[in-house]
Structure formats: C-alpha cells, structure tokens
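Asks: model the following, please.
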Amino acid sequence: MKINYMAATANRIYFLKSLILNNNKLESLPAEIGNLKKLETLSLENNHITSVPSSLCNLTNLRTVNLSGNHIKVFPADLSKLRQLDALNLSRNGITTIPESVSSCQAIEINLNQNQVSVLPESVAKCPRLKVLRLEENCLEISAFTPQIMKHSQIALLAIEGNVFDFKQFNNLDGYEEYMERFTATKKKFN
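Replies: The predicted model follows:
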C-alpha cells in the first residue's frame, strides 16, 4: 500500500523520534509536522514532494533529513536553521541552485548528487561543520570551486565526479593543496 498524503495529526505523536515514509506517493507535508518536537530522523525518500513547509525548522532535535528522489526544485533554505542537523540528503531531485543562506547550515554532510546544480555559492565555505559535500552528476563547471571554497572551508571530501569538467582540472585549482591536507587528515582519523 502506498501512502498518498500525511494527515495533520502530528500533535498526537509528539514523542516520535523517527519518521520513515520512503517509497510512497506523498506530494506534500502538513505544516503540523513542525509539532514533532522530538523527531531526530525524517526520511521521505522516493515520494513526489515538491517543497517542505517552513515549520520543519521548528524540529530542533532533527539530525537526519532524507528527501532524496523527490521533485524538489529549490534548495529548502529553512533546513539551514536546524542546529542539530548532521546529514542532509537532497540527491535525485531537480535542484538548480544553492542559496547563500546555506552558510548557516549545521550539517556535517550534504548530499546533492544527481541534481542540476550549476553554481556553488562561496558561502558554502562558511558552513561551520560541513565535512562532506556530494555534488556528483550535476552541471558544475570547474570555476564553481573557488579559492574560498578550496582553501577556507572545513570540507574534507568533495564528491564531484560526473560534472562538466575534467577531473585533472580539479587537481590544478588554487587551493587544491589545502583541500588535500584536510582530506588526508580526515582519512587518517578513520584508519
């Protein structure tokens, strides 16, 4: 059975910590989802969602948001207000731009694989905890990776295969050495 809509009964399930409604036919979320104050995981992968309500930023305990495989065309800027967010998955949507407000995003990992992103704002370098940025199979030119992003961000892993530049160009970028130092240091931590 596929779920077509989500009823506005969030106030009755206040203590819910995980909401997983993957592989349904949801087109929208009720604003009342913002009442799930204890929610830590929200997974709505492979639905028909086009946007998220601003009330989502009321979920101060939210750590993981998976909106992969939906019909979202605009990066949900309100998600940048979530202070506990660790992982944000927006892969396989139709997102074309990332807003400047992404600089306040607290996520450690942002997955934007298989979208239509053509511009990477320099403000992404200001994301205080961002270590992993996945941008595979988008429409990015090599010029998207500015010295600000390469030298002054916390990003230790840029997944960038399948864009409109040759990977050899990436190795020649101003700031590549600084990026590789972060990459190597992070890799050593996990070995």
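
Asks: if I look at the spatially closest residue to residue 122 that is not a sequence neighbour, how far off is residue 22?
Replies: Leaving aside its sequence neighbours, residue 122 sits nearest to residue 148 (CB to CB, 6 or more residues apart in numbering; 4.5 Å). Just so you know, the C-beta spots here come from the backbone N, C-alpha and C atoms, and that holds for glycine as well. Per CB to CB, to the nearest Å, residue 148 is found 36 Å from residue 22.

Asks: give me the more crowded residue out of the two.
Replies: Taking other CB atoms under 10 Å, residue 148 and residue 22 do not tie; residue 148 has more neighbours (16 against 13).

Asks: so the more buried one is in contact with residue 125, correct?
Replies: Yes: distance between residue 148 and residue 125: 4.8 Å, which falls inside the contact criterion (CB atoms under 8 Å).

Asks: where do the strands sit along this structure?
Replies: Under the criterion DSSP state E, the chain carries strands at the ranges 18-20, 41-43, 64-66, 87-89, 109-111, 132-134, 157-159.

Asks: any chance of these in TSV, with mean neighbour count, mean pLDDT and distance to residue 172 too?
Replies: Putting the strands of the chain into TSV (neighbours: other CB atoms under 10 Å; pLDDT from 0 to 100; distance: least, CB to CB, whole Å) gives the following:
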stretch	mean neighbour count	mean pLDDT	distance to residue 172
strand 18-20	13	97	43
strand 41-43	18	98	39
strand 64-66	21	99	35
strand 87-89	21	99	30
strand 109-111	22	99	25
strand 132-134	20	98	20
strand 157-159	17	97	15
